[in-house]
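Undergrad: just the structure for this:
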Amino acid sequence: MKEYCFREEPFEIYGIPLFKESGMLERLPASVREQLPSLKDLGRRCPGARLRFRTNSKRISLCVKFENLTPDVGMSLMSAQSANVFAGPMQSADYIGLIRPVNYYTAEAAGEVKKSARMEDITIFLPRNEVITDIIIGLEDDAYLEPPTPYRYSLPILYYGSSITEGGCCSKPANAYNAFISRWLDTDYYNFGFSGSARGELAMADYINTIPKSILVMDYDHNSPSAEHLQQTHEPFFKRIREHDSELPVVLLTRPNFDYGDAPIRREIIRKTYQNAVEKNDKNVYFIDGEMLFGTDNRDACTADTIHPNDLGMYRMAKCICPVIQKILTKQNQKNE
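TA: Purely as a prediction, here's the structure:
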């Protein structure tokens, strides 16, 4: 087996805006993390990050090294510290294996998967819950290696929100709702889910404004500590985005557990942001009611703890959100033709 560093060509990292300019596997620059202390550590983790390439190697080894291994009380090693390997075209790729730490004390996820001898795309969803310091890939000595097939929709969608956006509590990184949508539509994306720490700060809106993107999904309802806080931040955050780009499609989500606590009040706050924009003739704002996200059948089976979606919950969220995303992407394609 021949070993490669992930920084070598033709390997490509997706899902991290900073990577090409800094070479760092971190979502947020130090300047933003300094402005938002709650993101000091979360901003260095990279949920939604993917390593992609093409090869005909029948064996692929992977070693993802972490700065530390920090067990999550709500998630297993498979869901929080594992890497998921897919082979083939994104919309029909086969899930060929999971790479995870051997225990809660080893700060790396290492292992090997097998595939056919076909030359095909490999997409690896990287661990979401740790700071990644290095990635080593192993391929058969005589294997061919090529750049990956570009995503059909190469301009990323940016999802900003809570631990739900981040991927809690599905069984593996590739089962977060935004990852499902990426796989189904063959689209790149950024996961700006910050567990317990997405609070609609204008400093975050300003940073998001610097990142090229096709769509912004605002999904931070759960992280506002109160309805009053949401009232004070939601529309100002949206307006800061809109001031920078009057045509960027923005999708506003409310929480899926729509009847819990003050959720009905929060839903109306977010709906009001949407209605105010529509009244100003904004044709690029969309509203998805959280009541629709889990459907009506066996809603209790959709979460791990009444809040965080499991695989079924993430799947149903993706099925509800995906048609809206598809509509927007189709509209953008037609406009660019």
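Undergrad: now name the helix or strand holding the residue most central in space within the chain.
TA: Residue closest to the average C-alpha location in the chain (C-alpha atoms, centre = their mean): N191, at 2.9 Å. For N191, the element it lies in under DSSP states H and E is strand 187-193.
Undergrad: and that strand, which strands flank it?
TA: Sheet pairing of strand 187-193 (DSSP bridges) gives strand 153-161 (parallel).
Undergrad: got the contact list for stretch 251-270?
TA: Outside of stretch 251-270, the residues within contact range by C-beta atoms under 8 Å, 6 or more residues apart in numbering are 161, 164, 215-219, 221-222, 224, 226-227, 230-231, 234, 238, 271, 273-274, 285-291, 293-294, 302-303, 306-307, 309, 313, 317, 321, 324-325, 328. Every C-beta, even on glycine, is put in place using the N, C-alpha and C of the backbone.
Undergrad: still on that earlier bit, so who does the residue nearest to the centre of the chain touch?
TA: 15, 27, 47-49, 128, 159, 165-167, 176, 178-179.
Undergrad: wait, N284 touches F238, no?
TA: No - counting by C-beta atoms under 8 Å, N284 stays clear of F238, with 11.4 Å between them.
Undergrad: measure the closest residue in space to E201 that isn't next to it in sequence to S197 for me?
TA: Computed as C-beta to C-beta, 6 or more residues apart in numbering, the closest residue to E201 that is not its neighbour in sequence is L36, at 5.9 Å. The gap separating L36 from S197 is 8 Å, by C-beta to C-beta, to the nearest Å.
Undergrad: then K335?
TA: Here the distance between K335 and S197 works out to 35 Å (C-beta to C-beta).
Undergrad: neighbour-wise, which of the two wins?
TA: S197 (21 against 8; other C-beta atoms under 10 Å).
Undergrad: shouldn't that one be within a helix?
TA: No - with DSSP: H, G, I helix; E, B strand; the rest coil as the criterion, S197 is assigned coil and is not in a helix.
Undergrad: who's in contact with it?
TA: L36, S38, L39, L42, N223.
Undergrad: repeat that for P47.
TA: Contacts of P47 by C-beta under 8 Å, 6+ apart are R128, N129, E166, G167, P173, A176, N191, G193.
Undergrad: per-residue pLDDT, the nearest residue to S195 once chain neighbours are set aside?
TA: Nearest residue to S195 in three dimensions, chain neighbours excluded: S163, at 3.7 Å (C-beta to C-beta, 6+ apart). On the pLDDT scale, S163 is placed at 95.
Undergrad: residue numbering should commence at 39 henceforth.
TA: Sure, I'll start counting at 39 from here, so that last one is S201.
Undergrad: the residue of the chain most remote from its centre in helix, strand or coil?
TA: The C-alpha centroid of the chain is most remote from D180, which lies 34.3 Å away (C-alpha atoms, centre = their mean). Reducing the assignment at D180 to three states with three-state DSSP gives coil.
Undergrad: before we move on, what about S154?
TA: coil.
Undergrad: related to what we said a few turns ago, out of the contacts of N229, the closest to E317 would be?
TA: Y197 (26.0 Å; C-beta to C-beta).
Undergrad: now do the closest one against S220, distance only.
TA: Y197 is 10 Å from S220, by C-beta to C-beta.
Undergrad: cool, P85 as well?
TA: Distance, P85 to S220, by C-beta to C-beta: 12 Å.
Undergrad: find the residue closest to T161 in space, skipping its chain neighbours.
TA: F124 (4.6 Å).
Undergrad: state the mean pLDDT of the one helix or strand the one you found maps to.
TA: Following DSSP H and E, one finds F124 within strand 121-125. Across strand 121-125, the average pLDDT comes to 98.
Undergrad: residue contacts, S201?
TA: G231, F232, S233, G234, H260, N261, H346.
Undergrad: near A68, how many other residues are there?
TA: A68 has 13 neighbours, counted by other C-beta under 10 Å.
Undergrad: count of residues packed around the closest residue to P165 other than its chain neighbours?
TA: In space, and not counting its chain neighbours, P165 is closest to Q119: 4.8 Å by C-beta to C-beta, 6+ apart. Neighbourhood size, Q119 [other C-beta under 10 Å]: 27.
Undergrad: same deal with A125?
TA: Count around A125 with other C-beta under 10 Å applied: 21.
Undergrad: please apply the same query to H267.
TA: Close neighbours of H267, defined as other C-beta under 10 Å, add up to 15.
Undergrad: who has more neighbours, N322 and F276?
TA: Between N322 and F276, F276 has the larger neighbour count (other C-beta under 10 Å), namely 23 against 16.
Undergrad: how about the more buried one, phi and psi?
TA: phi -60, psi -40 (degrees, to the nearest 10).
Undergrad: wait, it sits on D283?
TA: No - the pair F276 / D283 is not scored as a contact, 11.6 Å apart, by C-beta under 8 Å.
Undergrad: can you tell me what sits against stretch 341-360?
TA: Residues from elsewhere that reach stretch 341-360, judged by C-beta under 8 Å, 6+ apart: 112, 201-202, 205-209, 213-216, 218-219, 222-223, 255, 260, 289, 291, 294-295, 298, 326, 330-333, 339-340.
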